[in-house]
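*Asks:* turn this into a model:
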Amino acid sequence: MTTDDTSPSGTTSAVPSGNQRRKMRSAARFYAVQALFQMEVSQQTVDAVIREFEEHRFGAHYDEGDMVEGDPALFGQLMRDAVNWQASIDQMTDRALVAKWPIARIDPTLRALFRAAGAEMTQSDTPPKVVIMEFVDIAKSFYPEGKESSFVNAVLDHMAREARPEAF
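*Replies:* Below you'll find the predicted structure:
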């Protein structure tokens, strides 16, 4: 972190470096997948889950290690957009899936991942290739031994070409 921001009182405050901001954005995406999964299995509201993650998960310290600080603005935006646009994101995901595997049949973690990625892809100006790369990395963290990351890459590529064809 850099400390070159000076407050009106003359004290310096920590301003995240470019690399730190990138890590915080990546963490926000990861937390959004976890939070969307949690919402689906626990029937909690989006506001309750956002509050829980921001208060208890972002930067939390555990015996096993520390949680990364997430970008609260990106996290909140992904969560709200995923919930508000869920029907259209799910329809776009369905079109990217094989006919025998509608979104309702896929693993709930992957469903959460597709919703978060779809929200960022359709509701932000983040380049689709960045969204794909970030969420494929998240898939690798959830499924380190499996082929899910290749599956995620293929589905997200299809979704991106539908949502933002001008980017390709």
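
*Asks:* what sits against the residue positioned nearest the centre of the chain?
*Replies:* Nearest to the geometric centre of the chain sits R29, at 2.5 Å (C-alpha atoms, centre = their mean). Taking C-beta atoms under 8 Å, 6 or more residues apart in numbering, we find R29 in contact with 74, 78, 116, 120, 134-135, 138. The C-beta positions use only the backbone N, C-alpha and C, and glycine is treated the same way.

*Asks:* just for the chain, where's the confidence low?
*Replies:* For the chain, residues meeting the criterion pLDDT under 70 lie at 1-14, 62-65.

*Asks:* show me where it has helices.
*Replies:* Using DSSP state H, the helices of the chain run over 18-42, 46-56, 72-84, 86-96, 108-123, 128-142, 148-163.

*Asks:* D66 is nearest to which of these?
*Replies:* When the helices of the chain are compared by C-beta to C-beta, helix 18-42 sits nearest D66, at 11.3 Å.

*Asks:* just want the angle from that closest one to helix 72-84.
*Replies:* 30 degrees (axes from the mean of the first three to the mean of the last three C-alpha atoms, to 10 degrees).

*Asks:* quick one: buried residues of helix 18-42?
*Replies:* 23-39 (16 or more other C-beta atoms under 10 Å).

*Asks:* repeat that for stretch 40-49.
*Replies:* Buried, per 16+ other C-beta under 10 Å, within stretch 40-49: 46, 49.

*Asks:* any chance you could list what contacts stretch 34-41?
*Replies:* By C-beta under 8 Å, 6+ apart, the list of residues contacting stretch 34-41 reads 44-46, 49-50, 52-53, 57, 75, 79, 82-83, 108-109, 111-112, 115-116.

*Asks:* how close does R111 sit to R105?
*Replies:* 10 Å (C-beta to C-beta, to the nearest Å).

*Asks:* which one's more surrounded, these two?
*Replies:* Just comparing R111 and R105: by other C-beta atoms under 10 Å the higher neighbour count belongs to R111, 19 against 9.

*Asks:* isn't that one right next to W101, touching?
*Replies:* No. Under the criterion of C-beta atoms under 8 Å, R111 is not in contact with W101, lying 11.4 Å apart.

*Asks:* residues contacting Q86?
*Replies:* Listed by C-beta under 8 Å, 6+ apart, the contact partners of Q86 are R115.
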